[in-house]
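Novice: I would like to see how this sequence folds:
(chains A, B and C)
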Amino acid sequence: MLGLNSLGAGIAIVVVCLMLGYIIAHGLSFINLDFITGSAVPAGQAGGGMHNEIIGTLILVGLGSIIAMPIGLMTGIFLSEFGTPFTVSVVRFATDILAGVPSIVVGVFAYAIIVKPMHTYSAFSAGAALAIIMIPVVARTTEESMRLVPGAMREAALALGITRWRAVISVVVPGALAGIVTGIMLGVARISGETAPLLFTALGNSFGYSGLGNPIGALPLQIYRYALSPYKNWQQQAWAGAFVLVVIVLIVSIAVRWLSRKRRV
Amino acid sequence: MDTIKQTETTRPSSFTGIKGYILKAENLRAFYGAFLAVKDVNLEIKPKSITAIIGPSGCGKSTLIRCFNRMHEVAHGARITGKVLLDGEDIYAPGIDPVSIRTRIGMVFQKPNPFPTMSVLENVVAGRRLTSVLSKRIEMEEIAEKFLKQAALWDEVKDKLKQSGTSLSGGQQQRLCIARALAVEPEVILMDEPCSALDPIATLKIEDLMRGLAKDYTIVIVTHNMQQAGRVSDMTAFMMMGDDRAGGLIEYGRTDQIFTNPKDKRTEDYITGRFG
Amino acid sequence: MPRQDFEHHLQTLQEELLALGSLVEEAISRSTDALVNRNLNLARQVIAGDLAINQKRYDIEELCVELIATQQPMARDLRVIVAVLNMIVDLERIGDHAEGNAKIAIMIGDEPPLKPYIDVPRMAEKTKEMLRAALDAFVKRDAAAAKRVIEQDDIIDNLYDQVFRELLTYMAADPQTINRATRLIWVAHNLERSADRVTNICERTIFVITGKVEEEGVSKY
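Specialist: The predicted structure is shown next:
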C-alpha cells in the first residue's frame, strides 16, 4: 500500500517539476527587460514585449476581484449566518452549479449579455466574466471559514445585547478573516489564468489599456494567440508570457500558504 | 415574614409572599418546537441577591435562565408561553426588542468565551462599543479599568491590556467575560455554570467575586455543584424533570433552609445524593 | 441506591451510638445494684468502666467530624450527625451520674441502710426503660414515641419528690442519719438528672425528624 501511494505522489511531483521545468527552460531565456516593458510588435519583427498584456491581466484580475469580493462575501455570510435550512440548500446548490460551469460558457454568457448590448468588447465585460468565475470560490471559502468560528462567540456577542448584524460583522467575520482572505486569494489565483472567457469579452488590445469600455489585452489571451501563430518570435514570447503567468500564480499561491501558516487563531 | 406554601407532593411548592422582586417568571413554559422543555415555572428573584438554580442534568435549568434574557428564542423554533417580568414589565410583550433586554440582563457562560480577535481591553469594552457610541480611546481605557476592577481582574491584567483575550488563564478569562458583561451595566447577571470549566482555586476566586457583586447586582446562577450553591447563594431553586420529560420547579426557598431542612422529599433526595 | 459508602458509615454511627447507650444502661444498672447490695467491687468496676464510656464518646465524635469533613452531609443526613454529636454528650453525662452513684456506694460502704431501698431502684429501672425507649425512637425515627418518653419524666420527678420527703423526715427525726440520708438524696438526684438527659436525647430525635429543636416539656427540677 505504501509503495502504491508513494508511486502516486511521485508521479504528481514529477509532473509538476516537468511542467515548471519546461516553462522555465523555454520561457526564462526569452525574458528580458524589453519583454516586461515593451509593447507588442508585428509578427516577424525582433524584440517587443507583453507589457500591455501584463498590465491588462492585473487590471482584469483587479476588476474581477472588486466585483466578486462583495458578492461572494455576502453570499458566504448569508449561507453561514442568516439562511434557513431551505434557503441555504437552495443558494448552496446554485453556488455549486455556478462553480462547475465551464469557463468558456461563462465567456459566451458574458458576450451575450454585456458585449452584444454594448456593441463592443470591453475590459468591463471581461472583468464581469472573471467575477462570475470567482464568486463561487469566495462564497464557499467564506462560508466554511465562518462556520469554523465557534458558536460560543456568537452567543457571547448576542448576550451582550449586540444586534445580529453587528455581531456578525464585528465578531464573527474578524474571527474568520484568515480563511476569508485565503479564499479571496485562491479566487485571484484561479482567475489570473483563465483564458476562455477572455476570448469573448476582452478581445485584446495592442495599444494597452484604453478605458473600461474598450477591449483590453491580457496575458493568457496573448499566449494563446502567439503560441498558435507560425512566427518564431511570437512563439518565443508566448513561452515567456507563460512563464510570467506561472510566476504570478505561484507568487499568489505561496503568499496564501505563508499567510495561512502565520495566523493561529 | 416569608410564608412558603406546601402543596401536595404532585405539584411543586412555590414561593410567594416576598415583597420586592426584580425578575419574575409567571406560568413560564419553554418549547423547542413541539417539545415542552420547561413547564409552569413561577419564580420571583429578589434584587441584589444571589439565587442558585440546582437540579439534575437535563431538568431545564439552562433553558430556564435563557428565557430570562431572551436567548432561548435564538435557537431555531424555540419559543415560550407565559410572562417574564423585569421590574414589573413583561419582557416578552409585543414590541419589546430582545436586543435591548439583553443589555439589561447579562449572561456569563460555562466555557469562558472572550473574543479571540480582540485584546483584553477591547474585550471588556466590546459590549459597550458595539451597542452604543464609544469613540474616544481615553473613555475606553477608563471603562475597562473600572469594570476590570469590579471583576477583581485589574491587578492581574493591567500590564497586559493589549494582549489577546485568549492569552489569559481559564479563571482570568472567565473574570474577563464577567467584566465584559458588567461593562454593559445590566441589572441582572445570569451565570450558566460559570465555574464548571475552572480549577478549584479559580472557582473560589469567582465565588468571592460573586458575593462582592451581589451588593450591586442581582445574580442568578445555574450550578451542578451543590456545595457551591450552598456557599454562594441566598436563595435556592430546585428543578427536576417530570415523567413528561419537561422540567419543573420543585422547591424554592432560602438556601440555609433548603440545605438543612427541605420541604419536598424530591429535594431532599437530590441534596443528600440519594437520587437513585 | 447511591452513596453506599456513606450509608454504611451512617449505619456504623448508629450502631456505635446504640453500643454507647448499652454501656450507659449497664452502668446505671450496676451502680444501683452496687448501692443496694453493698457490693463495693461492683462499684469499683463501674467507676473503672466510665473510662470506656468516655472513650467511646470521643470515638463517635471523631467519626462525626470525619463524616462532616469528607461526605458533605446535607439536610436529614446533617441533622442526624448533629443529633448524634449532641446525644453522645448526654449519654456520657448519664454515665458520669452512674459513676457518681457508684462512688456514693463506696462512701456509704458497710453502713446499714436507713430503710429498704424501694424508690431508688424504681427510679433506676424507669430511667433505664426511658433510655432504651429513647434510643429505640431514634433508630425508628419515631417522633411520637420520643414524645411519650419525655412525658414519662414526670414519673421520675414524682419518685424523686417521694424520696426527698421521706429522707427529710428521717433527718428531722434523727440527726445521726443526716450523713447517709444526704448521700441518698444525692443518688436520687443523679438518677433524676439522668432522666432529664434522656429527655434531651428525645428532643434531638424530634429535631432529626422536624428540623426544629424545641423544649418539649419543662422539667420540674
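
Novice: Flag the shaky bits of the stretch 1-150 of chain B, pLDDT-wise.
Specialist: Applying pLDDT under 70 to the stretch 1-150 of chain B flags the ranges B:1-19, B:133-136.

Novice: Helices along that one, start to end?
Specialist: Counting by DSSP state H, counting those that start in this stretch, the stretch 1-150 of chain B has helices at residues B:61-68, B:98-104, B:120-131, B:137-150.

Novice: how would you label the residue of the stretch 101-250 of chain B found nearest chain C: helix, strand or coil?
Specialist: Nearest to chain C, among the residues of the stretch 101-250 of chain B, is B:Gln227, at 5.9 Å (C-beta to the nearest C-beta). Heads up, the C-betas are built off the backbone N, CA and C, glycines and all. At B:Gln227 the chain is in helix, as set by DSSP: H, G, I helix; E, B strand; the rest coil.

Novice: Please apply the same query to C:Asp5.
Specialist: helix.

Novice: re earlier: please name the residues that touch the residue of the stretch 101-250 of chain B closest to chain C.
Specialist: C:Gln72 (C-beta atoms under 8 Å, 6 or more residues apart in numbering or on different chains).

Novice: Kindly recompute the last result at 10 Å.
Specialist: Residues near B:Gln227 by C-beta atoms under 10 Å, 6 or more residues apart in numbering or on different chains: B:Phe259, C:Gln72, C:Met74.

Novice: out of those, which one sits closest to B:Leu23?
Specialist: Of all the contacts of B:Gln227, B:Phe259 has the smallest distance to B:Leu23: 22.7 Å, by C-beta to C-beta.

Novice: Centroid-nearest residue for chain C?
Specialist: Per C-alpha atoms, centre = their mean, the C-alpha nearest to the average position across chain C is that of C:Ile94, at 3.7 Å.

Novice: can you confirm that one is in a strand?
Specialist: No - counting by three-state DSSP, C:Ile94 is located in no strand; its state is helix.

Novice: and the helices of the stretch 1-150 of chain B as a markdown table, adding distance to chain C?
Specialist: What follows is the helices of the stretch 1-150 of chain B, written out as a markdown table (distance: least, C-beta to the nearest C-beta, whole Å):
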| stretch | distance to chain C |
| --- | --- |
| helix B:61-68 | 19 |
| helix B:98-104 | 35 |
| helix B:120-131 | 36 |
| helix B:137-150 | 31 |
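
Novice: Low-confidence regions, the chain specifically.
Specialist: You didn't pick a chain, so chain A it is. In chain A (pLDDT under 70), the answer is A:34, A:41-48, A:260-265.

Novice: try chain C instead
Specialist: Ranges of chain C meeting pLDDT under 70: C:1, C:216-219.

Novice: pretty sure B:Ile219 belongs to a strand, no?
Specialist: Yes - counting by three-state DSSP, B:Ile219 is located in a strand.

Novice: I figured it hits B:Ile189, correct?
Specialist: Yes - under the criterion of C-beta atoms under 10 Å, B:Ile219 makes contact with B:Ile189 at 5.1 Å.

Novice: list residues touching both of those two?
Specialist: B:Ile50, B:Gly106, B:Val108, B:Met210, B:Leu213.

Novice: and the two most separated of these?
Specialist: B:Ile50 and B:Gly106 (14.6 Å).

Novice: Grab the nearest non-local neighbour of C:Glu92.
Specialist: Excluding the flanking residues, the one nearest C:Glu92 by C-beta to C-beta, 6 or more residues apart in numbering or on different chains is C:Arg57, at 4.2 Å.

Novice: Test my guess that that neighbour contacts C:Ala19.
Specialist: No - judged on C-beta under 10 Å, C:Arg57 makes no contact with C:Ala19 at a distance of 11.0 Å.

Novice: which of these two has more neighbours?
Specialist: Neighbours were counted for C:Arg57 and for C:Ala19 using other C-beta atoms under 10 Å in any protein chain shown; C:Arg57 has more, 22 against 13.

Novice: Can you give the distance from stretch B:37-54 to the centre of its chain?
Specialist: Mean-position distance between stretch B:37-54 and its chain equals 9 Å (C-alpha atoms, centre = their mean, to the nearest Å).

Novice: cool, and stretch C:123-135?
Specialist: In terms of C-alpha atoms, centre = their mean, the centre of stretch C:123-135 is found 8 Å from the chain centre.

Novice: And that stretch, what's buried?
Specialist: C:Met123, C:Ala124, C:Lys126, C:Thr127, C:Lys128, C:Glu129, C:Met130, C:Leu131, C:Arg132, C:Ala133, C:Ala134, C:Leu135 (16 or more other C-beta atoms under 10 Å in any protein chain shown).

Novice: and the helix or strand harbouring the third one, what does it pack onto?
Specialist: So the one you mean is C:Lys126. Element membership for C:Lys126 (DSSP states H and E) is helix C:119-140. Where contact means 3 or more C-beta pairs under 10 Å, 6 or more residues apart in numbering or on different chains; DSSP states H and E, helix C:119-140 is packed against helix C:4-36, helix C:75-108, helix C:143-151, helix C:153-173, helix C:178-210.

Novice: run the last query once more with 6 Å
Specialist: helix C:4-36, helix C:143-151, helix C:153-173, helix C:178-210 (3 or more C-beta pairs under 6 Å, 6 or more residues apart in numbering or on different chains; DSSP states H and E).

Novice: Please work out which of those helices is packed deepest.
Specialist: Mean neighbour count (mean count of other C-beta atoms under 10 Å in any protein chain shown) peaks for helix C:178-210 among the helices and strands packed on helix C:119-140, with a mean of 22.

Novice: what about that helix, near chain B?
Specialist: No - judged by C-beta under 6 Å from any C-beta of the partner chain, helix C:178-210 makes no contact with chain B; its nearest approach is 7.9 Å.

Novice: Please name every helix or strand in contact with that helix.
Specialist: helix C:75-108, helix C:119-140, helix C:143-151, helix C:153-173.

Novice: Apply 8 Å and report the result again.
Specialist: Contacts defined by 3 or more C-beta pairs under 8 Å, 6 or more residues apart in numbering or on different chains; DSSP states H and E place helix C:178-210 against helix C:4-36, helix C:75-108, helix C:119-140, helix C:143-151, helix C:153-173.

Novice: what helix or strand is the residue positioned nearest the centre of chain A on?
Specialist: Nearest to the geometric centre of chain A sits A:Ile191, at 2.4 Å (C-alpha atoms, centre = their mean). Per DSSP H and E: A:Ile191 is located in helix A:173-192.

Novice: Next, the buried residues of that helix.
Specialist: For helix A:173-192, burial by neighbour count (16+ other C-beta under 10 Å) applies to A:173-176, A:178-192.

Novice: that older thread, a markdown table please, covering the helices and strands packed on helix C:119-140 and showing distance to B:Asp244.
Specialist: A markdown table is the format used below for the helices and strands packed on helix C:119-140 (distance: least, C-beta to C-beta, whole Å):
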| stretch | distance to B:Asp244 |
| --- | --- |
| helix C:4-36 | 31 |
| helix C:143-151 | 36 |
| helix C:153-173 | 52 |
| helix C:178-210 | 33 |
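
Novice: OK, contacts around the residue of the stretch 151-276 of chain B found nearest chain A?
Specialist: For the stretch 151-276 of chain B, the residue closest to chain A is B:Val184, as judged by C-beta to the nearest C-beta, at 5.7 Å. Residues in contact with B:Val184 (C-beta under 8 Å, 6+ apart) are A:Leu160, A:Gly161, B:Thr103, B:Gly106, B:Gly127, B:Arg128, B:Thr131.

Novice: Contact partners for the residue lying closest to A:Phe207 once chain neighbours are set aside?
Specialist: Using C-beta to C-beta, 6+ apart and skipping residues adjacent in sequence, the residue nearest A:Phe207 is A:Asn52, 7.3 Å away. Counting by C-beta under 8 Å, 6+ apart, A:Asn52 makes contact with A:Ser39, A:Ala40, A:Asn205, A:Ser206, A:Phe207, A:Gly208, A:Tyr209, A:Gly217.

Novice: Okay then, goodbye and thanks.
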